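**Student:** Pasting the sequence and the predicted coordinates here, then a few questions.
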Amino acid sequence: MIVKNPHRPHTDALLNIAVVGHTNTGKTSLIRTMLRSTEFGVIEDGAGTTRHVEQATISADNEAILNLYDTPGLEDSRALSAHIKKLAAKSKSLPPVQILEHFVTNVAVNDPLEQEAKVIRQVLRSDILLYIIDVREPFLEKYRLELDILTQSAKPIIPVFNFIAGHDRELAKWREHLAAFHMHATLEFDTVAFTFEAEKRLYQKMQTLVESHYDRLQKLIDYRAKLWNQLCLSGAKRVAALIVNVACYRESKSTQNNLIAHSLLEDRLHEFVRKAEQHCLHDLLSIFNFSEKDVAIQKIPVSNGHWQLDIFAPGILKAYGLDVGSAAAKGAAAGAGIDLMVGGMSLGAATALGAIAGAGWSTFKRYGDEIKATVKGTQWQCADETTLQVLYLRQKHLLNKLMHRGHAAQDTLHVDKAESEKLPDNWSKLTSALRQNPSWQEPSAVRNNNPQYQEIEAKLVEALLDEGAN
């Protein structure tokens, strides 16, 4: 549970954490990622987006654990440092922390350092400081001055490295500079390329700094870990449900050579597959708290809830690393997405006909449609193997992207290609079993309690979460 309030409540028992740093280093982004919400604060490329201190509370099982305070950026650290030095020169007997208290108490309204005073005021009220660093920036004089001022507050500081992906050299340089300030307990927390383990380590570092809050922080760690695992599992089960739904879907095909009827049948099947995937897309966004209205903000390649690259569009097979030649050879060329199957596919024609003569009622009840279809020469239309592969690969790619995407990310989320994704082991056996059980298309107690179905679902979920839920 997350509560947001711009005014500080009476929460002395809670751990108060000030998120501080230079302008535009990702302070609001960090809080959004920790809250799993795109709603907190405003994120823009321009400097000075956050003008006031904003507060959010993170809870575990409805028990408030800590407050996060998003502070304005320290825009003029040189002027602030010079002003504090003047105050210190006038009151040489006062310790540094009291100099800072004197500064925030006496700063005038509309003072050029009013914004810096808001930051220092919150720093003095807090238990821990998270100093956010954009590692892409060089270690300039202004950062040295900021750190010098913040250390005067006598508050424990955790430097948090943001935007670290692809910037190993810059990260190493920042570590060297921070060592000069005796800051070795740093943390890598990329608000764009999110991992739950980074968030977990952040809470663990807090535990080492504030022993009195250790147990409550551990409760938060355990709660967030359980919640995160549930989210990832829910996402994987939703993708597995899509594969089951489409693989089990079939429509009977007329034996008459009617091109118009056949075309309409194919159109219905195409539309069914498209809608099934759109529903899965919507549910995945909802599970990870990326709602439909956030699609434009997050720049996911979706328009009005629909993938911009249609599953039956020309080139879709190549985009997913599938062999166009082999697919076409099997009658599943790009854009077709249809397989033709004779009746009795569950048992085979010979077995089905033998069942009519000697099988018991339970067998006929289970395979009755196939038996009757075989006798009558009925044929079925269903999604082809390649279509199922594209569905799986695209949704697995999206699932992995959402599991590793911070809620402050503004870059384009590319999910139109997934050559790196792999199909589960024994994929053909899994899909074959699903296609032989059309009654599994919709959830039911009989289906959900079937050992074979449970095994198939478990294998799909395990493959979907492979490489993934960190």
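**Tutor:** Perfect, I can see it now.

**Student:** would Gln115 count as being in a helix?
**Tutor:** Yes. Secondary structure assignment places Gln115 in a helix (DSSP: H, G, I helix; E, B strand; the rest coil).

**Student:** Residue numbering should commence at 14 henceforth.
**Tutor:** Sure thing, new numbering starts at 14, so read that last one as Gln128.

**Student:** For the stretch 114-263 of the chain, which segments count as strands?
**Tutor:** 141-147, 170-175, 200-201 (DSSP state E, counting those that start in this stretch).

**Student:** Need these in CSV (columns: mean neighbour count, mean pLDDT and distance to Arg281).
**Tutor:** No exception for glycine: its C-beta is placed from N, CA and C like everyone else's. Written out in CSV, the entries for the strands of the stretch 114-263 of the chain read as follows (neighbours: other CB atoms under 10 Å; pLDDT from 0 to 100; distance: least, CB to CB, whole Å):
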stretch, mean neighbour count, mean pLDDT, distance to Arg281
strand 141-147, 24, 94, 52
strand 170-175, 22, 93, 49
strand 200-201, 16, 90, 50
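
**Student:** now for those strands, which one comes closest to Lys232?
**Tutor:** When the strands of the stretch 114-263 of the chain are compared for distance to Lys232 using CB to CB, the nearest one is strand 141-147, at 17.3 Å.

**Student:** What are the contacting residues of that closest one?
**Tutor:** Here strand 141-147 makes contact (CB atoms under 8 Å, 6 or more residues apart in numbering) with 28-35, 37-40, 43, 136, 156, 159-160, 163, 166, 168-176, 187, 215, 219, 222-223.

**Student:** From the residues you listed, list the buried ones, please.
**Tutor:** Neighbour counting with 16 or more other CB atoms under 10 Å marks 28-35, 37-40, 43, 136, 156, 159-160, 163, 166, 168, 170-176, 187, 215, 219, 222-223 as buried within the contacts of strand 141-147.

**Student:** Show me those that map onto helices.
**Tutor:** Per DSSP state H, helices hold the following members of the buried ones among the contacts of strand 141-147: Lys40, Leu43, Val136, Tyr156, Glu159, Leu160, Leu163, Trp187, Leu215, Met219, Leu222.

**Student:** Pick the one among the residues you listed closest to Ser247.
**Tutor:** Nearest member of those to Ser247, counting by CB to CB, is Leu215, at 24.0 Å.

**Student:** quick one: that closest one and Phe202 touch, right?
**Tutor:** Yes. Judged on CB atoms under 8 Å, Leu215 makes contact with Phe202 at a distance of 6.0 Å.

**Student:** Could you name every residue contacting both of the two?
**Tutor:** Shared contacts of Leu215 and Phe202, defined by CB under 8 Å, 6+ apart, are found at Val173.

**Student:** Give me the mean pLDDT for the top helix by length along the chain.
**Tutor:** Scanning the chain for the longest helix, with DSSP H as the assignment, gives helix 227-260. For helix 227-260, the per-residue pLDDT values average out at 95.

**Student:** and if you look at stretch 288-306?
**Tutor:** If you average the pLDDT values across stretch 288-306, you get 83.

**Student:** Next, the buried residues of that stretch.
**Tutor:** Using 16+ other CB under 10 Å as the burial criterion, the residues of stretch 288-306 that qualify are Ala289, Glu290, Gln291, Cys293, Leu294, His295, Asp296, Leu297, Leu298, Ile300, Phe301, Phe303.

**Student:** sorry, back to before: I'd like to know which of the strands of the stretch 114-263 of the chain lies nearest to Leu230.
**Tutor:** Put simply, out of those the one that sits nearest Leu230 is strand 141-147, at 10.7 Å, with distance taken as CB to CB.

**Student:** where does this structure have low pLDDT?
**Tutor:** For the chain, the stretches flagged by pLDDT under 70 are 14-25, 51, 53-64, 205, 266-272, 274-275, 304-392, 419-433, 480-483.

**Student:** Domain boundaries for it, per the record?
**Tutor:** Residue ranges of the domains in the chain are recorded as 15-222, 245-356+391-478, according to automatic domain parsing.

**Student:** Looking at these, spot the one closest to Tyr236.
**Tutor:** domain 15-222 (3.7 Å).

**Student:** by contact count, what packs against the longest helix of the chain?
**Tutor:** Helices and strands touching helix 227-260, by 3 or more CB pairs under 8 Å, 6 or more residues apart in numbering; DSSP states H and E, are strand 67-73, strand 76-83, helix 209-222, helix 272-300, strand 392-396, helix 398-416, helix 440-448, helix 464-478.

**Student:** Now do it and strand 76-83, the angle between them.
**Tutor:** In terms of direction (axes from the mean of the first three to the mean of the last three CA atoms, to 10 degrees), helix 227-260 departs from strand 76-83 by 90 degrees.

**Student:** in helix 227-260, what's buried?
**Tutor:** The neighbour-count criterion (16+ other CB under 10 Å) identifies 229-230, 233-234, 236-237, 241, 244-245, 248-260 as the buried residues of helix 227-260.

**Student:** Stretch 110-125 too?
**Tutor:** With burial defined by 16+ other CB under 10 Å, the residues of stretch 110-125 counted as buried are Ile112, Leu113, Glu114, His115, Phe116, Val117, Val120.

**Student:** Columns distance to Val148 on top of these, output as CSV?
**Tutor:** Output for the buried residues of stretch 110-125, formatted as CSV (distance: CB to CB, whole Å):
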residue, distance to Val148
Ile112, 31
Leu113, 27
Glu114, 32
His115, 34
Phe116, 30
Val117, 30
Val120, 32
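
**Student:** from the helices and strands packed on helix 227-260, which stretch is densest packed?
**Tutor:** Per-residue neighbour counts averaged over each of those give the maximum for helix 398-416, namely a mean of 23 (mean count of other CB atoms under 10 Å).

**Student:** All set now, cheers.
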